[in-house]
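Engineer: coordinates only, sequence not included:
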């Protein structure tokens, strides 16, 4: 283990920590604490739960293809990641300022502010055409769009799409989770398109023995390729139930098991998701016209002297 | 036997932990669960290198000692614990300190106060 692991952890209260959990989780917290999902106490209880883990931003994901696939896709889904009660449950009440709200500002992610809940959509598709249509359909209504698949073709198609925020290359079957495979071409595409790859701890929790070791080996192989091409890598708990929730320290430790460095794991749970959300906000607000071209304010435009100063030339 | 010189003793880290569960967890059951999870995740040999031992555990909070080079592995072992004595649990590490006193004052007291 690296020598910098030896340093005791300091107080990290000022950091922002992101997590990506099922939209059904707040309802489960309500059921556990016995509060009404439409009540103010609900927000307090759910906030208390996530604050216990030091999270500042929580992305609550729903299945993007639920209506099209119906019950077929939920077969064997024991972790409750369906978000069935989302329309009337705690989920909708928690979605206070999102990207679509002009007051949303990721720069405000500082200690002391309330936990921000964001709307996420997770897409699972059988083929590329279905994936493209689902991305097109879901992108305008969500803050954070992910594609989950262990299929190489789907992973590549998702990485190529500029509308995808993150690809989760591990399938969602709790009994038999399988990791996908990527090659240098997919990694290069993802790096160019700034599509992140995300790994969630939930599929690793309830499998043991050979299956888990294989899952680790496949995920570690992917991480190695992603590191080679500097593809942003995210770490989430991906919790579908209460007891699948894990904190940022645990996620960082999980990332290090997969072969990420300490700096990479810290960025994976704290800064990278914020950067992705900020980029999406710029696109949404019309500041970014196209990739690489955006409208800047006078304050943002740097003078020649400032550029030289930043480059260390003077 | 003469005790080892301070410079020859292995460096340790102390992790303050909290177990979130429906029912209170017994100390012995927790110790067994830690060693089972460790051997399952890292293997017997890998877990032996972490030098993990449970120093104290009461009211679902405690301190776990490990080698200074194996902090992340130990936290990973705790993260992969899903059940103790048939109960579903979440083991949350509150912080890491270089001394038992530091872990107690900085993290454990805060945990016991309910923060």
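Structural biologist: Perfect, I can see it now. Quantities reported herein were computed from a predicted structural model and do not represent experimental measurements. Residues are numbered from 1 along each chain as shown, chains lettered A, B, ... in the order given.
Engineer: switch to C-alpha atoms for all contacts and neighbour counts from now on
Structural biologist: Fine.
Engineer: point out the residues in chain B that sit beside chain A.
Structural biologist: Proximity of chain B to chain A, by CA under 8 Å from any CA of the partner chain, involves residues B:13, B:40, B:68-73, B:75-76, B:78-82, B:88-90, B:92-93, B:95-98, B:115.
Engineer: show me which of those are buried.
Structural biologist: B:13, B:40, B:68-73, B:75-76, B:78-82, B:88-90, B:92-93, B:95-98 (16 or more other CA atoms under 10 Å in any protein chain shown).
Engineer: hey, where'd the strands end up in chain A?
Structural biologist: Along chain A, counting by DSSP state E, strands occupy A:18-22, A:57-63, A:116-123, A:144-148, A:166-168, A:196-200, A:233-236, A:288-290, A:293-294.
Engineer: how about residues contacting stretch A:247-262?
Structural biologist: For stretch A:247-262, the external contacting residues (CA atoms under 8 Å, 6 or more residues apart in numbering or on different chains) are A:5, A:17, A:53-55, A:201, A:216, A:219-220, A:223-224, A:227, A:235-237, A:265-266, A:269, B:72-73, B:75-76, B:78-79, B:92-93.
Engineer: pLDDT-wise, which helix or strand of chain A ranks last?
Structural biologist: In chain A, no helix or strand scores lower on mean pLDDT, DSSP states H and E than helix A:66-69, which sits at a mean of 49.
Engineer: follow-up on the earlier one: which ones among the contacts of stretch A:247-262 lie within helices?
Structural biologist: A:216, A:219-220, A:223-224, A:227, A:265-266, A:269, B:72-73, B:75-76, B:78-79 (DSSP state H).
Engineer: need the three-state assignment for the residue nearest the centre of chain B.
Structural biologist: In chain B, the C-alpha nearest the mean C-alpha coordinate belongs to residue B:64, at 2.7 Å (CA atoms, centre = their mean). Using DSSP: H, G, I helix; E, B strand; the rest coil, the structure places residue B:64 in strand.
Engineer: what bridges to it?
Structural biologist: residue B:15, residue B:54 (DSSP bridges).
Engineer: surely it touches residue B:14?
Structural biologist: Yes. With contact defined as CA atoms under 8 Å, residue B:64 counts as touching residue B:14 (5.6 Å).
Engineer: what is the end-to-end distance of stretch A:233-244?
Structural biologist: Start-to-end span of stretch A:233-244 (CA to CA, to the nearest Å) is 21 Å.
Engineer: so is it next to chain B?
Structural biologist: Yes. Residues of stretch A:233-244 contacting chain B under CA under 8 Å from any CA: A:243-244.
Engineer: now do that stretch: distance to the chain's middle.
Structural biologist: 9 Å (CA atoms, centre = their mean, to the nearest Å).
Engineer: need the contact partners of that stretch.
Structural biologist: A:18-22, A:24-25, A:28-29, A:79-81, A:196-202, A:205, A:223, A:226, A:245-247, A:251-252, A:255, A:264-265, A:267-269, A:272-273, B:82, B:88-90.
Engineer: all strands of chain B, in order?
Structural biologist: For chain B, the strands defined by DSSP E occupy B:12-21, B:53-58, B:61-67, B:83-84, B:87-97.
Engineer: possible to save those strands as JSON lines with distance to residue A:33?
Structural biologist: As requested, these are exported to JSON lines (distance: least, CA to CA, whole Å):
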{"stretch": "strand B:12-21", "distance to residue A:33": "13"}
{"stretch": "strand B:53-58", "distance to residue A:33": "23"}
{"stretch": "strand B:61-67", "distance to residue A:33": "21"}
{"stretch": "strand B:83-84", "distance to residue A:33": "21"}
{"stretch": "strand B:87-97", "distance to residue A:33": "16"}
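Engineer: closest to residue A:285 out of these?
Structural biologist: Among the strands of chain B, strand B:87-97 comes nearest to residue A:285, with 38.4 Å by CA to CA.
Engineer: for the closest one, packing partners?
Structural biologist: The contact analysis (3 or more CA pairs under 8 Å, 6 or more residues apart in numbering or on different chains; DSSP states H and E) places strand B:87-97 against helix A:248-258, strand B:12-21, helix B:71-79, helix B:100-103.
Engineer: with respect to residue A:36, which of those lies nearest?
Structural biologist: Of all the helices and strands packed on strand B:87-97, strand B:12-21 comes closest under CA to CA, at 21.7 Å.
Engineer: which regions of the chain lie under the pLDDT threshold?
Structural biologist: You didn't say which chain, so I picked chain A. A:1-14, A:40, A:65-113, A:286-289, A:291-292, A:311-314 (pLDDT under 70).
Engineer: um, chain B though
Structural biologist: For chain B, applying pLDDT under 70 flags the ranges B:114-115.
Engineer: give the contact list for the residue nearest to the centre of chain B.
Structural biologist: With contact set as CA under 8 Å, 6+ apart, residue B:64 has these partners: B:14-17, B:52-56.
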